[in-house]
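Enquirer: fold the following and give me the result.
(one chain, ligands or ions: 2)
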Amino acid sequence: MQRILVTGGAGFIGSNFVHHLVEHTDASVTVLDKLTYAASRESIAGLPADRVSLVVGDIADPEVVAPLVDQHDAVVHYAAESHNDNSLNDPSPFVQTNLIGTFTILEAVRRAGVRLHHISTDEVYGDLELDDPARFTEATPYNPSSPYSSTKAGSDLLVRAWVRSFGVQATISNCSNNYGPWQHIEKFIPRQITNVIDGGRPKLYGAGQNVRDWIHADDHSSAVWTILNHGRIGDTYLIGADGEKNNLDVVRQILRHFGRADDDFDHVTDRAGHDLRYAIDSTKLRTELGWAPQFADFESGLARTIEWYVAHEDWWRPHKQSVEATYAKQGQ
Ligand code: NAD
Ligand code: DAU
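Expert: Ligands and ions are numbered 1, 2, ... in the order given. Alright, predicted model coming up:
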């Protein structure tokens with residue numbers, strides 16, 4: 001049995017990974033999470049207490065991190081400030097958590113000789129033109145646009161340096177946009193679903209032509225588990241499920257699900273520096289490690305996600321008013 005320390009395991013993707021481990025492996029899990037606004041205890045509540053425990057703490061605090069790392073066989077590092085819009089309003093927690101936090105994790109795994117998998121994003125590569133057939137590969141140069149993506153890029157470079165300079169046993173993955181249960185309603189898909197549940201209109205930044213490459217969070221989890229167990233130390237793997245859609249199409253799909261008209265949405269102020277298109281070529285992960293996504297059909301994955309938000313109104317409702325008030329102040 002492996003003892004896995006999952007940082008950020010009370011957030012969206014981290015909690016999906018913890019559920020994945022409980023269902024598909026015999027690993028025991030410690031979640032290390034600061035429980036910021038983005039976390040929810042409910043996302044990991046009800047899991048077997050002999051398999052999953054929660055430590056509330058900051059990844060940038062070496063006194064919390066070092067003794068915990070010592071007690072585990074591997075660290076899977078999800079914890080981050082994750083929302084681009086927030087990073088435009090106040091970059092400071094992004095620098096602190098994404099850079100200093102990752103540095104703190106690296107120092108702890110270096111001293112303890114513990115395996116690390118670092119979770120990152122396709123946004124480190126910047127963006128692609130809408131009419132460019134190219135997709136990101138592991139060889140694409142880094143070119144991040146926002147305070148969020150630049151701190152994630154910096155954290156990746158720290159990991160690469162700690163592998164080369166200190167022999168840290170680490171791998172990195174850069175994944176595209178995730179959807180699924182437990183995603184905070186500040187993010188695009190859950191914001192629009194909950195707007196429509198409330199009888200309101202989806203809010204599209206700019207013309208809605210920006211493209212994201214959607215993957216279900218459970219497919220991200222299976223890819224991370226594959227890399228943790230079979231990835232080559234020092235290597236980077238791109239994770240994606242060929243799910244390119246523009247934002248307008250996603251909004252229309254949500255509206256159709258609820259029987260609303262295709263044009264029942266608002267165009268709102270665009271995001272500053274808004275990346276045009278992300279697209280992942282995950283050939284390396286598929287051919288070298290044999291991984292394949294299970295949620296190949298975005299339409300049915302989105303329908304299940306919509307039903308999850310309908311059924312879990314008690315979870316997101318307390319946050320809806322304040323999230324919308326923040327967006328309203330920005331003209332979004
Ligand atoms: P999230 O914001 O939902 O969750 C982040 C979690 O990290 C929260 O539980 C939060 O409390 C915790 N956290 C934040 N600062 C912390 C600190 N200093 N110490 C301890 N815990 C802290 O984020 P998410 O969308 O689940 O993203 C998780 C990871 O996956 C991030 O590293 C992100 O860059 C990466 N990623 C996200 C996506 C996506 O589509 N959401 C895609 C690719 C990669
Ligand atoms: O690509 C991976 C990244 O995906 C992750 O690294 C980030 O952590 C994650 O938040 C996500 O970043 P995006 O900026 O792409 O996600 P977001 O949900 O904020 O927005 C998705 C798209 O929808 C983007 O083009 C902006 C647009 N958008 C967003 C919101 C919140 C809207 O049109 N309207 C909205 O209300």
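Enquirer: other residues contacting the helix or strand hosting Ser300?
Expert: Assigned by DSSP states H and E, Ser300 falls within helix 298-311. Where contact means Cβ atoms under 8 Å, 6 or more residues apart in numbering, the residues beyond helix 298-311 that reach it are 179-181, 189-190, 193-194, 197, 214, 216, 243, 245, 250, 253-254, 257-258, 295, 316. Glycine gets a C-beta too; all of them are placed from N, C-alpha and C.
Enquirer: cutoff 6 Å now
Expert: For helix 298-311, contacts defined as Cβ atoms under 6 Å, 6 or more residues apart in numbering pick out Tyr179, Gly180, Pro181, Ile193, Trp214, His216, Gly243, His257, Phe295.
Enquirer: reformat the residues you listed as JSON lines; add neighbour count and secondary structure.
Expert: Shown next, in JSON lines, are these (neighbours: other Cβ atoms under 10 Å; DSSP: H, G, I helix; E, B strand; the rest coil):
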{"residue": "Tyr179", "neighbour count": "24", "secondary structure": "strand"}
{"residue": "Gly180", "neighbour count": "24", "secondary structure": "coil"}
{"residue": "Pro181", "neighbour count": "21", "secondary structure": "coil"}
{"residue": "Ile193", "neighbour count": "25", "secondary structure": "helix"}
{"residue": "Trp214", "neighbour count": "24", "secondary structure": "coil"}
{"residue": "His216", "neighbour count": "26", "secondary structure": "strand"}
{"residue": "Gly243", "neighbour count": "23", "secondary structure": "coil"}
{"residue": "His257", "neighbour count": "17", "secondary structure": "helix"}
{"residue": "Phe295", "neighbour count": "20", "secondary structure": "coil"}
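Enquirer: that older thread, the very next helix or strand once past the helix holding Ser300 - contacts with which helices or strands?
Expert: Moving toward the C-terminus from helix 298-311, the next helix or strand (DSSP H and E) is helix 313-329. Contact partners of helix 313-329 among helices and strands, from 3 or more Cβ pairs under 6 Å, 6 or more residues apart in numbering; DSSP states H and E: none.
Enquirer: tell me, how many residues neighbour Asp262?
Expert: As a burial measure, Asp262 scores 11 neighbours (other Cβ atoms under 10 Å).
Enquirer: residue contacts, it?
Expert: Arg252.
Enquirer: report the inter-axis angle for the helix holding Ser300 versus helix 313-329.
Expert: Angle, helix 298-311 to helix 313-329, by axes from the mean of the first three to the mean of the last three Cα atoms, to 10 degrees: 100 degrees.
Enquirer: touching ligand 1 at all, helix 298-311?
Expert: No - judged by Cβ under 6 Å from any ligand atom, helix 298-311 stays clear of ligand 1, getting no closer than 12.8 Å.
Enquirer: ok now that helix, how far from the chain's centre?
Expert: On the basis of Cα atoms, centre = their mean, to the nearest Å, helix 298-311 sits 18 Å off its chain's mean C-alpha point.
Enquirer: and what of stretch 289-303?
Expert: Taking Cα atoms, centre = their mean, one finds the center of stretch 289-303 at 16 Å from the center of the full chain.
Enquirer: got a pLDDT number for the residue lying farthest from the centre of the chain?
Expert: Distance from the C-alpha centroid of the chain peaks at Ala261, with 30.6 Å (Cα atoms, centre = their mean). pLDDT for Ala261: 98.
Enquirer: quick one, phi/psi of it?
Expert: Torsion angles at Ala261 (phi, psi; degrees, to the nearest 10) stand at phi -70, psi 150.
Enquirer: same check on Lys245?
Expert: Main-chain dihedrals, Lys245, degrees, to the nearest 10: phi -150, psi 150.
Enquirer: in contact with the closest residue to it other than its chain neighbours, which residues?
Expert: Take Lys245 and drop its neighbours on the chain: the residue closest to it by Cβ to Cβ, 6 or more residues apart in numbering is Trp214, 6.1 Å away. Residues in contact with Trp214 (Cβ under 6 Å, 6+ apart) are Asn177, Tyr179, Gly243, Phe298.
Enquirer: in the stretch 101-250 of the chain, which spans are helices?
Expert: With helices called from DSSP state H, counting those that start in this stretch, the stretch 101-250 of the chain shows them at 102-112, 147-166, 188-197, 217-230, 247-257.
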